[in-house]
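In: Kindly generate the corresponding structure for this input.
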Amino acid sequence: MGKISLFQINGRILLISLFLIVVIFKLNFLKTGFWYDEWHTFFWSNPDFLLLENLNILVENSVTPPLYFLITAFFHKLFGYSPEAGRLLSIIFNSLSFLILYFFLKQNFSKKISFFILLFFLLNYSIILYSIELRFYSFYIFVTLINIYFFFNIIYKYNNQNLFKYLFVSLVSFSSNYFLAPIILIQFAFLFIKKNFFFYYGVCFIIIFLLLNYSHLTYILELNSLRVWGVINFSFFLGYYFNIFFGSKIFGALVLLTILTIFLIKFKKIKTDKNFLILTSFIASTYIFFILYSLILTPVLRPRYFLHIVPLILCIFVILIFKINNIKIRNIILIFFTILHFIKLAFFSLPFEKPDTDKLIKILQKQNIPIIIEKFELEFLNQNKQISDISPGNYKQLYFINHFINLYFLKKFNLNFIEINQLNNVNIFLDICENNPDYQTSIQGDNANCLKNKYSKNNFSVLKRYKTKDFIVNKYQKRLK
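Out: Okay, the predicted model is just below:
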């Protein structure tokens, strides 16, 4: 008994200490360059979308469910509209996910199983990677875990209070992440088998969900008929993205092989483990859903779309290891994978370099001359035009400049922006051009459009070019007559 208590105390101290270390580690990435997808997220989480007159614009143009953007917009309204604040919210959602996972495991699994699941969650490469980006994937993990937490509450203690808590949380979760559909379906099937009259609750749930999300679902279905979001190929069926989840092909392959091997060897013991079977059904149904959706509608096979089930994969991984009767072998496997997780964290690196915005800012500050942008961009920055006044075709062009001028560091400086109609008032100015960033294109060399004289008709020539990895800043000077 004393040993168990000692393990509990030491385990909690270790997890809390590691949690704080990992949070500090993530905070170091708040100011690293932001890339296109984050520019997109930042634009659509503008506090102006909290206004009723702009809400419809968000619903009709947001690729992902609008609820995340509204929550992030509210966060920006409270703590300032900056990309860094948006990244901080991702870290907060990741921390809340850890907390929800803790309570879920505490209620349903042994202390030692819970410890290693929480440990691997804290150290997991893909979970850390997406928790330091201004994107919705940490939020997806959070709503998935809170949905599963309340689902397990109701299956072990079925009463009206738990039922309505579960239905409310599921409605919010499903409205936040449509990829939860297979998990919600499995849950409803389970509850229907348990209580036949749940069918009526399920019908009401679906009606309310459709009423709340009909406009956005219509837009998504129309968009899916025009775009391809991922590729279905043979390599997917070799590793099921475990190489991405765990940060390397070898690490991912070892985890997948360990799961499959123990599952086959211990199948008789596993098939009576209710919790394990439920979690496994969530994972399997999600993979089947994505495969069928990709084959029937439009390909959506991308690793990040599976991120919300990575904590569930970690759960079944650890549960399976604890099915091994030989304690020495079990401990060797746990130690081995713990070391691998720590090594991956120690050598953590981004899958691609983010835009070198710091270098761009230094160039602009050193030159201290006007920067040319489009007229509608300038009107937007000067707040002469609201989001509702901007043509939808120009939204994408606002992504970069909107994130750029709201960088917390840059707010200290007054950059002078002009538009083409003001060129008669200046003799020299700068023009910023994206130079084939590797996160957007595989084209090698400089972007040809960045090397052109775009203002020759206005009697300007390129005086000098300043290059960074991702940007070219052209310095224009008026020609002498």
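In: what's the spacing between Leu292 and Ser285?
Out: Separation of Leu292 from Ser285 (CB to CB, to the nearest Å) stands at 10 Å. In short, each C-beta sits where N, CA and C put it, glycine included.
In: More neighbours: which of the two?
Out: Neighbour totals were compared for Leu292 and Ser285, and Ser285 leads with 18 against 11 (other CB atoms under 10 Å).
In: got the contact list for the residue nearest to the spatial centre of the chain?
Out: Taking CA atoms, centre = their mean as the criterion, Tyr137 is the residue nearest the geometric centre of the chain, at 2.5 Å. Tyr137 is in contact with 90, 130, 304, 307-308, counting by CB atoms under 8 Å, 6 or more residues apart in numbering.
In: between the residues you listed, which is closest to Leu210?
Out: Leu210 lies nearest to His308 out of the contacts of Tyr137, by CB to CB, at 21.7 Å.
In: looking at this, the closest one is in a helix?
Out: Yes - going by DSSP: H, G, I helix; E, B strand; the rest coil, the assignment for His308 places it inside a helix.
In: Spatially nearest residue to Phe289 (excluding sequence neighbours)?
Out: Pro182 (3.9 Å; CB to CB, 6 or more residues apart in numbering).
In: Pull up the gap between that neighbour and Ala189, please.
Out: As judged by CB to CB, Pro182 and Ala189 stand 11 Å apart.
In: Tell me where the stretch 301-450 of the chain has helices.
Out: 310-321, 327-346, 357-367, 375-381, 395-405 (DSSP state H, counting those that start in this stretch).
In: Please apply the same query to the stretch 101-250 of the chain.
Out: Secondary structure of the stretch 101-250 of the chain (DSSP H, counting those that start in this stretch): helices at 111-123, 125-131, 137-156, 160-176, 181-194, 198-224, 234-239, 242-245, 249-265.
In: tell me the angle of the last one relative to helix 310-321?
Out: Counting by axes from the mean of the first three to the mean of the last three CA atoms, to 10 degrees, helix 249-265 lies at 50 degrees to helix 310-321.
In: mind listing what's buried in helix 249-265?
Out: Buried residues in helix 249-265, defined by neighbour count with 16 or more other CB atoms under 10 Å: 251-252, 254-256, 258-259, 262.
In: pLDDT of the helix or strand containing Ile21, averaged?
Out: In the assignment (DSSP states H and E), Ile21 maps to helix 2-27. Helix 2-27 shows a mean pLDDT of 79.
In: ditto for stretch 234-241
Out: 88.
In: what does it rub up against?
Out: Applying CB under 8 Å, 6+ apart, the contact partners of stretch 234-241 are 249, 252-253, 256, 287, 301, 303, 306.
In: distance of Tyr68 from Thr41?
Out: 8 Å.
In: List the residues that are in contact with both of these two.
Out: Applying CB under 8 Å, 6+ apart, one finds that Tyr68 and Thr41 are jointly contacted by Phe136.
In: Any stretches of this protein with poor pLDDT?
Out: 1-9, 225-229, 384, 411, 436-444, 481 (pLDDT under 70).
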